[in-house]
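**Q** got a predicted model here, sequence first, then my questions.
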Amino acid sequence: MEMRLFKPFGSVSALTLGGGGLGQVWGATTRDEAVATARLALDSGITHFDMAPMYGRGEAESVIGEAFKGTDKSNLRFTTKYRLGHVAPEQTYDKLNASLTRSLQTMGIERADLFFLHSQLIEDGHVLAQYDEVRDRLATPLTYLYESVIPAFDRLQAEGKIGGWGFALGQQSALESVIASDTPPTAVQCAVNPLNSVGSIAYVTESFDCRAILDACRANDVPALAIRAVQAGALTSKMDRELAADDPDQLDFDRAVGFRRLAAEWGQTPARLAHRYALSIPDLGSVILGVKNREELQECLDAERDPRLTLAEIELVEAVCR
């Protein structure tokens, strides 16, 4: 597998095994199958594993703990997350540390190479487009980030518990401002797919330009990891869960009909082409997978072995998604 330059780790495998599928966020699987999937990932050259307690209420992290028990993990990298939201400043470190401690124990590791906010960043006083009544659970305001969260991350790093910190989603202007600040994140997880969408998790604002966040990372030399390559299943052959007709992820699936047609013309499954697309975008450290079984993982491994798309092919894939 291709190894890529990635400043926080030095290098990282082109593919990362994420925890969403292992934690059954993207359809049902079994513990045995999930463990076998993690072991296949390791055997196939994947060196980075991106987990979170929210993936199946700890299930994904339990899978990692079982799959790699007794394995030499010195050359592997592990990341986890916590949806902090907005709590009293005096609780910030304790909340982050308690969640991190549980994650480390569950995965059987001593340190998280990166610790990501699973809550979404917003500017102070911003009203969420949806779910504003639970804003303090879902979103982290910028003032709170600077005054309490970053100092807590710094403390965890000084204690040797994490290698760095980062975030993924939120209000576009808030994300861009932190990326360009004097205290930028160690890394950012950027949604990368030809739909330029994060679907149902774009609840902070009415619109969100995924590509603009990656552009901000490039402009400020902040390392980026790709998420949402298949956009919650919208860029696959068939949704793996029942959704309402007006669900944003279902609407994305419906508007990807041209993408599925193009994949068929090129003799590939939609998921394989979607991962080829993400792997072909410049300036990315790794593409994080949401697979839940070995069959889905193998599809991604095949995509990684395929030639990268040319600029003209990337433009065509994007065009059929508009």
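**A** Ah, there it is.
**Q** and the strands in the stretch 101-250 of the chain, which stretches?
**A** Secondary structure of the stretch 101-250 of the chain (DSSP state E, counting those that start in this stretch): strands at 114-117, 120-122, 139-141, 165-167, 187-191, 224-227.
**Q** can you list the strands that the fifth one pairs with?
**A** In the sheet, strand 187-191 lines up against strand 165-167 (parallel), strand 224-227 (parallel) (DSSP bridges).
**Q** rewinding a little: would you turn the strands of the stretch 101-250 of the chain into CSV with mean neighbour count and mean pLDDT?
**A** For glycine as for every other residue, the C-beta is placed from the backbone atoms N, C-alpha and C. Listed next are those as CSV, based on neighbours: other Cβ atoms under 10 Å; pLDDT from 0 to 100:
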stretch, mean neighbour count, mean pLDDT
strand 114-117, 25, 98
strand 120-122, 26, 98
strand 139-141, 25, 98
strand 165-167, 23, 98
strand 187-191, 25, 98
strand 224-227, 25, 98
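**Q** among those strands, which comes closest to Leu214?
**A** Leu214 lies closest, by Cβ to Cβ, to one member of the strands of the stretch 101-250 of the chain: strand 187-191, at 4.5 Å.
**Q** what's in contact with that closest one?
**A** 6-8, 114, 116, 164, 166-169, 175, 179, 197-198, 210, 213-214, 217, 222-228, 231, 284-285, 288 (Cβ atoms under 8 Å, 6 or more residues apart in numbering).
**Q** can I get the buried part of these as one PyMOL selection?
**A** Listed next is the PyMOL selection for buried residues among the contacts of strand 187-191, using 16 or more other Cβ atoms under 10 Å:
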select buried, resi 6+8+114+116+164+166+167+168+169+175+179+197+198+210+213+214+217+222+223+224+225+226+227+228+231+284+285+288
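**Q** check which helix or strand Phe259 maps to.
**A** Using DSSP states H and E, Phe259 falls within helix 257-265.
**Q** centre of the chain versus that helix, how much separation?
**A** Relative to its chain's centre, helix 257-265 lies at 25 Å (Cα atoms, centre = their mean, to the nearest Å).
**Q** how about it: buried residues?
**A** Phe259, Arg260, Leu262, Ala263.
**Q** quick one: the helix or strand that it is followed by to helix 257-265, angle?
**A** Later in the chain than helix 257-265, the nearest helix or strand by DSSP H and E is helix 270-280. Angle between the axes of helix 270-280 and helix 257-265 is 90 degrees (criterion: axes from the mean of the first three to the mean of the last three Cα atoms, to 10 degrees).
**Q** helices or strands up against helix 270-280?
**A** helix 257-265, strand 287-289, helix 294-305, helix 311-321 (3 or more Cβ pairs under 8 Å, 6 or more residues apart in numbering; DSSP states H and E).
**Q** tell me the mean pLDDT for the first one?
**A** With pLDDT averaged residue by residue, helix 257-265 scores 98.
**Q** which outside residues touch that helix?
**A** The list of residues contacting helix 257-265 from outside it, by Cβ under 8 Å, 6+ apart, reads 194-195, 235, 237, 269-270, 272-274, 316-317, 320-321.
**Q** buried subset of those residues?
**A** Buried by 16+ other Cβ under 10 Å: Pro194, Leu195, Leu235, Thr269, Pro270, Arg272, Leu273, Ala274, Val317, Val320, Cys321, out of those.
**Q** for the closest residue to the last one other than its chain neighbours, give me its contacts.
**A** So the one you mean is Cys321. Spatial nearest neighbour of Cys321, chain neighbours left out: Pro194 (4.3 Å); criterion: Cβ to Cβ, 6 or more residues apart in numbering. Shown in contact with Pro194 (Cβ under 8 Å, 6+ apart): Leu235, Phe259, Ala274, Tyr277, Val317, Glu318, Val320, Cys321.
**Q** and Leu17, by the same measure?
**A** Shown in contact with Leu17 (Cβ under 8 Å, 6+ apart): Thr37, Ala38, Ala41, Ile46, His48, Phe49, Asp50, Ile288, Leu289, Val291, Leu297.
**Q** state the number of residues packed around Arg83.
**A** By other Cβ atoms under 10 Å, the residues close to Arg83 number 18.
**Q** should've said Ala219
**A** Per other Cβ under 10 Å, the neighbour tally for Ala219 reads 11.
**Q** can you pull the phi/psi pair for the residue nearest to it when sequence neighbours are not counted?
**A** Taking Cβ to Cβ, 6+ apart, and ignoring the residues beside it in sequence, Ala219 has Ala180 as its nearest neighbour in space, at 7.5 Å. Dihedral pair for Ala180: phi -90, psi 0, per degrees, to the nearest 10.
**Q** sweet, I'm off.
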